[in-house]
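My questions concern the predicted model and sequence given below.
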Amino acid sequence: MIDVQNQADSRNVPLAKVGVKGLEYPIRVLDKVNHIQHTAARVDLYADLPRHFKGTHMSRFIEIFHRYREDLSMPRFLEMLGRIRGDLEAESAFGSMTFPYFMEKNAPVSGLPGMMSYECRYQGWVRSAREPVNRGAEAPAGAGRRHFTVSVSVPVTTVCPCSRAISDRGAHNQRGMVRVEVELGPFFWIEDIIALVEKAASSPVYSILKREDEKFVTEHAYDNPKFVEDLVRDVYIELKGMNTFPRFSVEAENFESIHNHSAFAFAEYDKEAGYE
């Protein structure tokens, strides 16, 4: 049959990205406790399209992803993008995969188990040796031919230090969200990043709490007040101390209980560029 996508195009306009967006698919990822975790992902997969091709082969993105879905560990994600680039004869391939990562967490006093969900994202790209390093907005300073980041969003509780210091009764507290994004260096577990963030907060968040647990969490948070700035700085220091990631960023958003807006803080580290 006629392959329309491979026909020549005379408009002389290269496309930086073409592909599939919003693909929803069951996947398997590594799990520190259970070895393998079944979850579902929302996936974007792209490749560049040279000026002389009319279109790309959209079905090949799905075909390749389907082959890799049973083992989407971090290195395998980059391997999959390399296969996409090669099969489509592209200079670059890009991918983003967002999925809920589940962990069983016991309540702090009663010990009752419950499942917590954390939003994770894999994002990466691979380029051929022929492609200029400075091509595309995705390439950070000093990046090579392969780039991969993992982000984890962790819900936490924070108690306001100012409110605690000036109030005769109690202090305002709120749920917040901390998002850590790291560039892949040596292997690491998602669970370890989650534990690091929760330790830096006034208190972790739980899916199930009995009365004795609620008392403990409330008092523990009150004894550990944190501004959003404190939260970002404490997570930053712990990540840097791991000496594992060449680049990372930390952001925190507190959904304020006494304001109609959020409080926000952000910091980033880049070992190669020399800024932090």
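Sure thing, it's come through.

What segments of the stretch 151-276 of the chain are strands?
In the stretch 151-276 of the chain, strands defined by DSSP state E, counting those that start in this stretch lie at 173-183, 203-204, 247-255, 262-270, listed in chain order.

To residue 45, which of the ones you listed lies closest?
Smallest distance to residue 45 across the strands of the stretch 151-276 of the chain (Cβ to Cβ): 19.8 Å, for strand 173-183. Every C-beta, even on glycine, is put in place using the N, C-alpha and C of the backbone.

Direction included, what does the closest one pair up with?
strand 146-159 (antiparallel), strand 247-255 (antiparallel) (DSSP bridges).

Quick check: beta-bridge partners of residue 106?
Under the criterion used (DSSP bridges), residue 106 bridges to residue 113.

Need the pLDDT of it.
According to the prediction, residue 106 has pLDDT 97.

so who does it touch?
Residue 106 makes contact with 112, 113, 114, according to Cβ atoms under 8 Å, 6 or more residues apart in numbering.

Could you do residue 180 as well?
151, 152, 154, 193, 197, 235, 239, 248, 249, 250.

any idea how far it is from residue 160?
22 Å (Cβ to Cβ, to the nearest Å).

ditto for residue 126
Remark: distance between residue 126 and residue 160 (Cβ to Cβ) = 45 Å.

More neighbours: which of the two?
Taking neighbours as other Cβ atoms under 10 Å, residue 126 and residue 160 compare with residue 126 leading, 26 against 23.

Surely the more buried one and residue 83 touch.
No - judged on Cβ atoms under 8 Å, residue 126 makes no contact with residue 83 at a distance of 9.4 Å.

didn't residue 116 look like it was pressed against residue 205?
Yes - counting by Cβ under 8 Å, residue 116 does reach residue 205; the two are 7.4 Å apart.

Poorly predicted segments of this structure, please.
Within the chain, the stretches with pLDDT under 70 are 1-11, 51-52, 54-55, 130-144, 273-276.

Same question for stretch 106-123: list its buried residues.
107, 108, 116, 118, 120, 121, 122, 123 (16 or more other Cβ atoms under 10 Å).

which residues touch the fourth one?
Pointing back at residue 118 there. Residue 118 neighbours (Cβ under 8 Å, 6+ apart): 100, 101, 102, 103, 152, 153, 154, 155, 190, 194.

Okay, and it sits in which element?
Per DSSP states H and E, residue 118 falls inside strand 113-127.

any idea of the angle that strand forms with strand 173-183?
30 degrees (axes from the mean of the first three to the mean of the last three Cα atoms, to 10 degrees).

ok, back up a step: of the buried residues of stretch 106-123, closest to residue 186?
For the buried residues of stretch 106-123, the nearest to residue 186 is residue 122 (16.6 Å; Cβ to Cβ).

ok, the closest one touching residue 74?
Yes - using Cβ under 8 Å, residue 122 is in contact with residue 74, at 6.8 Å.

Mutual contacts of these two, please.
148, 150.

circling back to that earlier point, need the strands of the stretch 151-276 of the chain in CSV (columns: distance to residue 32).
Putting the strands of the stretch 151-276 of the chain into CSV (distance: least, Cβ to Cβ, whole Å) gives the following:
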stretch, distance to residue 32
strand 173-183, 16
strand 203-204, 17
strand 247-255, 20
strand 262-270, 24
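
So which of these is nearest residue 37?
strand 173-183 (19.0 Å).

out of everything not next to it in sequence, what's closest to the spatially most central residue of the chain?
For the chain, the residue sitting closest to the mean C-alpha position, by Cα atoms, centre = their mean, is residue 151 at 1.8 Å. Counting by Cβ to Cβ, 6 or more residues apart in numbering, residue 151 lies nearest to residue 181, which is 4.0 Å off, once chain neighbours are set aside.
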